[in-house]
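Trainee: 3D, please:
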Amino acid sequence: MKREDELAKAVLDAAFKVHRTLGPGLLESVYRLALTYELGKVGIDAECEVPIEAEYDGCVLGEAFRADLVVEGRLILEVKSVERLAPVHKKQLLTYLRLADKRLGLLINFGAALLKNGIKRVANGMPE
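Mentor: Got it, this is the predicted structure:
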């Protein structure tokens, strides 16, 4: 299994390919499926719409969210297709990371004209 940083690089390579091919402005679901396909082509396992449960006071409360993609069981991706990322998008991904006890996530906005301007790396446990 690859380390998170190696996975992040492979994901970004695939994301750039998807963005170059499809361009900005489609629905998130299209980018999510295309990204899953591209990762599969290079032998990287990515699951779509992965349930994340909330736990409180030692009790599992149930499914709280669904992560857009979980790569190799280690890296959470939140896919967006908006004009501009908002602070709430980062908080959303950080919530997923904390609830799923994962270290690293990527927020990728396929709505950006230049994809490099729509990528945010979010680490669990890091100060804001």
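Trainee: contact partners for the closest residue to Glu83 other than its chain neighbours?
Mentor: Distance criterion C-beta to C-beta, 6 or more residues apart in numbering; nearest residue to Glu83, sequence neighbours excluded, is Gly111 at 5.9 Å. Any C-beta I mention is one placed from the backbone N, CA and C, and that applies to glycine too. Listed by C-beta atoms under 8 Å, 6 or more residues apart in numbering, the contact partners of Gly111 are Pro24, Gly25, Lys80, Ser81, Val82, Glu83, Gly118.
Trainee: nearest to Leu93 among those residues?
Mentor: Using C-beta to C-beta, Lys80 is the member of those that lies nearest Leu93, at 9.8 Å.
Trainee: how deep is the residue lying closest to that closest one once chain neighbours are set aside tucked in, by neighbour count?
Mentor: Nearest non-adjacent residue to Lys80, counting by C-beta to C-beta, 6+ apart: Asn109, 4.5 Å away. The number of residues packed near Asn109 is 23, by other C-beta atoms under 10 Å.
Trainee: tell me which strands and helices the host helix or strand of Asp13 is in contact with?
Mentor: Using DSSP states H and E, Asp13 sits in helix 4-22. Other helices and strands packing on helix 4-22, by 3 or more C-beta pairs under 8 Å, 6 or more residues apart in numbering; DSSP states H and E, are helix 28-41, strand 75-80, strand 104-109, strand 119-123.
Trainee: thought Val11 was touching Leu39?
Mentor: Yes - if you go by C-beta atoms under 8 Å, Val11 and Leu39 touch, sitting 6.8 Å apart.
Trainee: how much space between Val42 and Lys9?
Mentor: 11 Å (C-beta to C-beta, to the nearest Å).
Trainee: neighbour-wise, which of those two wins?
Mentor: Applying other C-beta under 10 Å to Val42 and Lys9 shows that Lys9 carries more neighbours, namely 12 against 9.
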